[in-house]
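J.: Let's see this in three dimensions:
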Amino acid sequence: MTDTTAVLGYAWPLVVSPGEEVAFHLSSATLDGAEATLLRVRCADPDPDGPGLRFHQPGSPVDGPVALRHQPLRPGSCAIIPDAPALRRPGALSLAAFVFPTAPGGTAQTLLARWRDDTAQGWRLALDSEARLEFTIGAGGRLWRVTAPRAVMEREWIFVTASYDPASGRITVSQASLDPQAGRDTGGSASAEAPAAIAWPADTALVIAAHALGSGAAPRTGGHFDGKIDRPRLLSAARDEAALRALAESLAPPPAEPDLVAAWDFSRDMATDIVRDLSANRLDGRLRQMPMRAATGANWDGRTTQSTEAPELYGAIHFHSDDMHDAGWSPDLRLAIPEGWRSGFYALRLRARQGSDDPVESFVAFFVRAPLGKPRSQLAFVASTATFLAYANSALRLDQVHAEAMLEGLITLSRDDVYLQEHRELGLSTYDTHSDGSGWCYSTAKRPILNMRPRGATFNYGNDTHILDWLEQIGQDHDIVTDDDIHRHGAQALAPYRCVITGSHPEYFSRSMIEAFDAYQRGGGRHIYLGGNGFYWRIGWHPTEPHSMEIRRGMIGLRTWEGEPGENALSFTGEPSGLWRASGRPPQRLVGVGFDAQVFTRSYPYAWREPARDPRIAWAVEGIDLDAPLGDFGLRGGGAAGLEVDRVEPTLGSPPHLLWLATADRLDYGGVPTLEELRTLHRGTMGDQNARVRADIAFFPTARGGAVFSTGSIAWACALSHNGYDNSVSRLTGNVLRRFLDPSPFEGFDSQSRSRSDGSI
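T.: This next block holds a predicted model:
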């Protein structure tokens with residue numbers, strides 16, 4: 001068996017144009033070298049029943065031996081405030097914050113600290129391994145510690161304080177439950193002896209949700225906290241709990257207060273990595289590893305679910321001990337993309353052998369885009385980078401208790417699956433949950449991604465390359481456009497192309513992306529959608545961090561986790577997240593079909609409907625037997641309709657003049673409808689009894705000579721190569737593509753809605 005994990009890496013930037021540079025950040029814990037080869041990817045799926053792995057080797061300066069070293073991953077988010085004179089004031093101090101622990105106990109977790117772990121100097125407010133609040137100060141090799149009498153509770157807001165009073169020689173901690181109903185009150189306080197004077201360390205950062213392991217402005221950190229922190233305060237005086245509570249509850253503490261060292265307000269600049277200090281000292285800091293912002297604070301009262309409406313209610317940050325935004329690896333290879341290279345899916349292949357062990361073959365994927373406004377073809381294929389990132393390093397099959405029931409079979413683990421199970425420090429997908437049970441809402445490309453590369457999991461990236469393979473097989477030139485570029489540049493990224501293909505699963509779309517496709521189609525563009533479950537989730541892209549996307553799952557849609565109440569707004573944009581359907585733009589309005597069901601047990605053929613015999617669509621079905629099933633074959637379940645499927649639905653916006661050409665409406669008991677399709681629960685909801693569980697093929701013309709063709713199935717792409725590419729799925733797709741590239745208008749259609757009697761829905 002080929003070893004795919006002995007070498008790992010990531011390319012940065014993930015997407016480049018000819019003339020731009022890409023760097024490869026590599027690591028190996030077992031190898032000191034490998035043979036590197038730069039490849040353009042034609043097919044990334046090693047399935048022996050399909051085309052197999054197919055690459056083009058253009059030849060590049062990075063081809064050849066490359067030295068490797070081990071570069072560790074250091075997960076865990078926190079806020080780091082660089083050392084400053086105000087933090088070194090001698091004498092008394094007090095600190096306070098609202099805290100919402102999500103995984104207390106087991107290990108110690110730091111809440112707020114100006115502490116050096118290497119010398120055990122400074123002060124540190126933390127939860128100990130038994131989930132009790134603990135305040136420690138240290139100097140000269142001595143430690144003074146006080147611990148609260150009762151453990152905190154999981155997922156309950158508490159107000160915590162700590163103080164050091166040299167005048168009395170005491171240190172104190174206190175905690176107060178903010179919702180003490182039903183015996184949930186864990187309030188209490190404790191004090192202990194402390195020195196009459198102490199020298200705080202120099203060159204030590206203040207850290208929120210962790211503590212520094214050493215000195216410097218950007219130290220390594222440990223003791224990471226799982227949970228939310230809201231309105232932390234720091235004073236150079238010993239204050240009691242009541243005074244600290246009043247200061248923390250004030251949304252705008254008086255900055256001229258002479259004892260106020262810092263008052264951080266996390267509701268400011270939520271789309272950035274900056275944490276703002278409202279005190280006169282301006283002790284702003286930066287976040288590490290992208291914890292979740294736009295989180296409800298201790299004062300959230302349910303009056304709004306949008307952080308933009310009342311940002312003062314969203315003054316918390318949810319930190320996680322396993323957050324992973326940036327691996328921080330140093331680059332090992334750099335390549336300036338030659339001007340003459342084609343756009344496409346690319347990968348750096350790394351081969352080696354470990355003694356008598358299995359051969360090593362690992363890949364680092366990236367994309368070469370077509371330069372904006374400089375098309376080399378009339379056709380563009382859209383790389384669904386948002387979807388690839390949403391699924392990046394998914395451990396869903398391993399972590400979800402219903403996975404085998406959903407798949408109706410035993411799970412077979414790949415080498416990548418096993419590695420990911422043992423190395424959660426890679427950071428998981430937006431389908432997974434953090435170690436504290438909360439959902440991953442961010443995903444970034446600055447880390448190794450095991451399932452976005454050749455030989456990786458077949459879903460998404462691998463399936464999409466079957467379309468690339470088919471395009472090359474039929475000799476059709478094409479450009480690659482990435483969807484995050486569509487987000488940044490809008491409709492102008494699509495405008496140069498007569499036809500655009502979206503792949504097997506373009507599920508995640510920002511508002512800019514949806515509007516770009518809408519404008520493209522309204523302007524006469526032609527769109528071939530060769531997938532299922534597309535245009536489904538509403539996401540945000542980070543305004544300044546490339547290739548970083550965000551999703552909030554909300555309380556509707558086919559989801560694997562739900563956020564805290566009130567946390568459905570995107571921190572990157574302030575917009576609502578969730579389903580596009582819930583935002584009034586269901587997929588049917590754009591491409592005629594929309595997600596209605598999963599079917600992982602097997603895949604099925606389509607049956608032709610009467611509109612397929614309409615003379616206006618004869619060009620699409622030329623050479624195809626309309627009395628025979630369509631797509632009773634394929635690499636994903638033995639059919640062209642499967643995995644996740646879409647249907648025509650006029651009530652959700654399928655155009656009235658749409659031609660509903662074919663349907664796979666007998667998906668058996670394995671056809672499970674999406675949750676938003678269920679108004680009530682009853683036994684007849686599965687595909688063996690529910691006619692709304694189906695995959696539909698649809699065509700409709702649009703304004704100015706444009707048109708849309710949709711297949712409504714993820715499995716479609718993996719049927720194209722059947723029988724040496726000589727099959728009805730390939731023929732239909734080819735007929736449509738040739739006609740969509742032909743600029744002549746579609747005869748027999750007008751701009752008015754047509755009745756059902758003339759072949760429309």
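J.: what's next to the helix or strand bottoming out on mean pLDDT in the chain, contact-wise?
T.: None of the helices or strands of the chain scores lower by mean pLDDT, DSSP states H and E than helix 403-407, at a mean of 71. Outside helix 403-407, the residues that touch it by Cβ atoms under 8 Å, 6 or more residues apart in numbering are 396, 397, 400, 410, 411, 598, 600, 601, 672. Backbone N, C-alpha and C define where each C-beta goes, glycine included.
J.: mind saving the C-alpha coords of the biggest helix by length in the chain as CSV?
T.: The longest helix of the chain (DSSP state H) is helix 728-741. Provided in CSV are the C-alpha atoms of helix 728-741 (Å, rounded to 0.1, in the frame of the first residue of the first chain):
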residue,chain,number,x,y,z
SER,A,728,-25.1,8.1,-22.9
VAL,A,729,-23.9,10.3,-20.0
SER,A,730,-20.8,11.4,-21.9
ARG,A,731,-22.8,11.9,-25.1
LEU,A,732,-25.5,14.0,-23.5
THR,A,733,-22.9,16.1,-21.7
GLY,A,734,-20.9,16.5,-25.0
ASN,A,735,-24.0,17.5,-26.9
VAL,A,736,-24.9,20.2,-24.4
LEU,A,737,-21.4,21.5,-24.3
ARG,A,738,-21.0,21.8,-28.0
ARG,A,739,-24.4,23.6,-28.3
PHE,A,740,-23.6,25.9,-25.4
LEU,A,741,-20.3,26.9,-27.1
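J.: buried residues in it?
T.: For helix 728-741, burial by neighbour count (16 or more other Cβ atoms under 10 Å) applies to 728, 729, 730, 731, 732, 733, 734, 735, 736, 737, 739, 740.
J.: ok, now stretch 205-220?
T.: For stretch 205-220, the neighbour count (16+ other Cβ under 10 Å) marks 205, 206, 207, 208, 209, 210, 211, 212, 213, 215, 219 as buried.
J.: Looking at the residues you listed, which one is closest to residue 130?
T.: Distance to residue 130 across the buried residues of stretch 205-220 (Cβ to Cβ) is lowest for residue 211, with 18.4 Å.
J.: Tell me how far that closest one lies from residue 491.
T.: 48 Å (Cβ to Cβ, to the nearest Å).
J.: Please apply the same query to residue 475.
T.: Using Cβ to Cβ, residue 475 is found at 29 Å from residue 491.
J.: Give me the more crowded residue out of those two.
T.: residue 491 (19 against 6; other Cβ atoms under 10 Å).
J.: Now do the same contact list for the more buried one.
T.: 515, 516, 517, 519, 520, 523.
J.: for residue 351, phi and psi?
T.: Taking degrees, to the nearest 10, you get phi -120, psi 140 for the backbone angles of residue 351.
J.: count of neighbours near the closest residue to it other than its chain neighbours?
T.: In space, and not counting its chain neighbours, residue 351 is closest to residue 35: 4.8 Å by Cβ to Cβ, 6 or more residues apart in numbering. Neighbourhood size, residue 35 [other Cβ under 10 Å]: 15.
J.: Same check on the one 10 residues further on?
T.: In terms of burial, residue 45 registers 26 neighbours under the definition other Cβ under 10 Å.
J.: Residue 164 now?
T.: 23.
J.: gap between it and residue 674?
T.: Counting by Cβ to Cβ - residue 164 and residue 674 are separated by 56 Å.
J.: again with residue 723
T.: 33 Å.
J.: Give me the more crowded residue out of these two.
T.: Higher neighbour count among residue 723 and residue 674: residue 674, with 22 against 11, using other Cβ under 10 Å.
J.: Ramachandran angles for the more buried one?
T.: Here is the backbone geometry of residue 674 (degrees, to the nearest 10): phi -70, psi 160.
J.: isn't it right up against residue 587?
T.: No. Residue 674 lies out of contact with residue 587 (Cβ atoms under 8 Å); the separation is 11.6 Å.
J.: any shared contact partners between the two?
T.: residue 595.
J.: low-scoring pLDDT stretches of this protein, where are they?
T.: 356, 401, 406, 751-761 (pLDDT under 70).
J.: Got the domain ranges for it?
T.: 78-319, 379-541+585-758 (automatic domain parsing).
J.: wait, which of those domains is closest to residue 18?
T.: That would be domain 379-541+585-758 among the domains of the chain, by Cβ to Cβ, at 11.5 Å.
J.: for the residue nearest to residue 351, which residues make a bridge with it?
T.: residue 65, residue 351 (DSSP bridges).
J.: Also residue 604?
T.: Beta-bridge partners, per DSSP bridges, of residue 604: residue 641.
J.: Please verify my assumption that it contacts residue 634.
T.: No. Look at residue 604 against residue 634 with Cβ under 8 Å: they stay out of range, at 9.6 Å.
J.: Residues in contact with both of the two, list them for me.
T.: 640, 642.
J.: end to end, how far does stretch 395-412 reach?
T.: End-to-end distance for stretch 395-412: 13 Å, by Cα to Cα, to the nearest Å.
J.: The closest residue to residue 314 other than its chain neighbours sits in which helix or strand?
T.: Closest residue to residue 314 in three dimensions, ignoring its sequence neighbours and counting by Cβ to Cβ, 6+ apart: residue 307, at 4.0 Å. Counting by DSSP states H and E, there is no helix or strand that carries residue 307.
J.: Residue 307 contacts residue 268, doesn't it?
T.: No. Look at residue 307 against residue 268 with Cβ under 8 Å: they stay out of range, at 11.6 Å.
J.: ok, those two, which is more surrounded?
T.: Set side by side, residue 307 and residue 268 show more neighbours around residue 307, with 25 against 16, by other Cβ under 10 Å.
J.: now the more buried one: how far from residue 313?
T.: Taking Cβ to Cβ, one finds residue 307 at 8 Å from residue 313.
J.: Common neighbours of the two, please.
T.: Common neighbours of residue 307 and residue 313 (Cβ under 8 Å, 6+ apart) are residue 267.
J.: you'd agree residue 645 is up against residue 596?
T.: Yes. Applying Cβ under 8 Å as the test, residue 645 and residue 596 come out as touching, 6.5 Å apart.
J.: Between the two, which is the more surrounded one?
T.: residue 645 (34 against 28).
J.: Give me the secondary structure label for the more buried one.
T.: strand (DSSP: H, G, I helix; E, B strand; the rest coil).
J.: So for it, what's the nearest residue that isn't a sequence neighbour?
T.: In space, residue 645 is closest to residue 695, 3.6 Å off (Cβ to Cβ, 6+ apart).
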